[in-house]
Structure formats: C-alpha cells, structure tokens
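Novice: Need a 3D model of the sequence below.
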Amino acid sequence: REAWAWKARAPERAVRRLLQRVQQHRVASQFRRGVPDEELAAYRLRVKHPVDLAMVRRRVEGKQPPTLLELEWLLMVMVTNAIVTSEPGSEQRQAACELKQHIKDAVGLAKQECKALVLAPAGTLRAKKASKASGGQGS
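Specialist: Numbering: from 1, shown residues only. Alright, predicted model coming up:
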C-alpha cells in the first residue's frame with residue numbers, strides 16, 4: 001500500500017508536470033486524438049475504456065484534476081489500448097511500447113520529486129530505533 005500511497009497525495013503541479021513530460025515525447029502526437037468515428041464501433045468491441053491525450057489533458061485541467069495515481073492509470077490504459085488494437089510489429093505498437101516505458105520513467109521522476117510524500121513502510125522506523133537502543137542485538 002505504501003508503495004503507491006504517495007501518488008494519491010502528490011501535489012497538483014506534479015500531476016501537470018507528468019502530463020507535460022508525456023506530451024513532449026516524440027511519439028505522443030500519435031495519441032493526441034481519439035479513434036475516428038468510422039472506426040469507433042469496431043474499436044469499442046476491443047477496448048472498454050478509450051483514452052487519448054486530449055481527454056487526459058481536459059481531465060487534468062478540469063475542476064477536479066486526477067491524482068497522480070489516476071493519471072498514471074489513464075496513461076497506461078491509453079498505451080495498453082494501442083498495444084491491444086495494433087498489429088504485432090507495427091509502428092503504432094512500437095510507439096505505444098516506447099511511450100509506455102517513457103510513462104514509467106516519468107512516474108519514477110515524479111516520485112523522486114515528491115520524496116517528502118514517500119513514507120517508509122509501517123513499523124520500519126520503530127524497528128530501527130529499537131534495534132539501535134538495544135545495541136543492535138535481536139530479542
């Protein structure tokens with residue numbers, strides 16, 4: 001639980017910064033718009049939650065922006081949709097895989113920027129203090 005809890009408490013600027021980093025990636029332009037209307041019916045058969053960068057940007061700029069955890073989920077759904085609907089070995093699939101790795105790296109960078117929000121697992125500090133107090137010997 002603590003491994004992702006910091007994402008729920010990250011400041012709004014961290015959410016905007018993550019989206020900005022994703023949008024600046026060289027293949028992000030392929031994900032800016034949704035599926036054309038003529039292909040939407042077939043797309044909906046394979047994809048439960050259609051997501052594109054324009055929709056994500058609207059959510060981030062809206063009255064109730066997503067948390068960092070929600071933003072990461074939206075971005076991963078977007079690239080996973082592209083992977084599932086594209087042909088193996090296609091440029092679209094390669095771009096989606098590349099963007100997926102970029103999103104993971106950007107989330108890692110956001111974690112470093114939000115270090116103050118990252119908590120040690122429960123009891124870790126107490127265990128270290130108790131160990132120091134007893135001279136490092138186990139009970």
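Novice: Low-confidence bits of the protein, can you list those?
Specialist: 1-5, 116-139 (pLDDT under 70).
Novice: same thing but at 90, please
Specialist: Scanning the chain with the threshold set as pLDDT under 90 gives 1-14, 33-50, 67, 69, 85-86, 110-139.
Novice: Helices along the protein, start to end?
Specialist: 2-9, 12-23, 37-46, 53-61, 68-85, 91-113, 124-133 (DSSP state H).
Novice: Residue 31 is nearest to which of those helices?
Specialist: helix 53-61 (4.9 Å; CB to CB). From N, CA and C alone the C-beta is placed, and that goes for glycine too.
Novice: who's in contact with the closest one?
Specialist: 15-16, 19, 22-23, 28, 31-34, 65-66, 71, 74-75, 78 (CB atoms under 8 Å, 6 or more residues apart in numbering).
Novice: hey, which of the helices of the chain is tucked in deepest?
Specialist: Burial of those is given as mean neighbour count (mean count of other CB atoms under 10 Å); helix 68-85 ranks first at a mean of 19.
Novice: What is it packed up against?
Specialist: In terms of contacts (3 or more CB pairs under 8 Å, 6 or more residues apart in numbering; DSSP states H and E), helix 68-85 is packed against helix 2-9, helix 12-23, helix 37-46, helix 53-61, helix 91-113.
Novice: what distance separates that helix from the centre of its chain?
Specialist: With CA atoms, centre = their mean, to the nearest Å as the basis, helix 68-85 stands 8 Å off its chain's centre.
Novice: now the angle from it to helix 12-23?
Specialist: In terms of direction (axes from the mean of the first three to the mean of the last three CA atoms, to 10 degrees), helix 68-85 departs from helix 12-23 by 20 degrees.
Novice: Using CSV, write out every CA atom in helix 68-85.
Specialist: What follows is helix 68-85, C-alpha atoms only, in CSV (Å, rounded to 0.1, in the frame of the first residue of the first chain):
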residue,chain,number,x,y,z
LEU,A,68,-1.0,11.1,-9.9
LEU,A,69,-2.2,7.6,-9.3
GLU,A,70,-5.3,8.2,-11.5
LEU,A,71,-3.2,10.0,-14.2
GLU,A,72,-0.8,7.1,-14.3
TRP,A,73,-3.7,4.7,-14.7
LEU,A,74,-5.2,6.8,-17.6
LEU,A,75,-1.9,7.0,-19.4
MET,A,76,-1.3,3.2,-19.1
VAL,A,77,-4.8,2.4,-20.3
MET,A,78,-4.2,4.7,-23.3
VAL,A,79,-0.9,2.9,-24.3
THR,A,80,-2.4,-0.6,-23.5
ASN,A,81,-5.3,0.1,-25.8
ALA,A,82,-2.9,1.0,-28.6
ILE,A,83,-0.9,-2.2,-28.0
VAL,A,84,-4.0,-4.4,-27.9
THR,A,85,-5.5,-2.9,-31.1
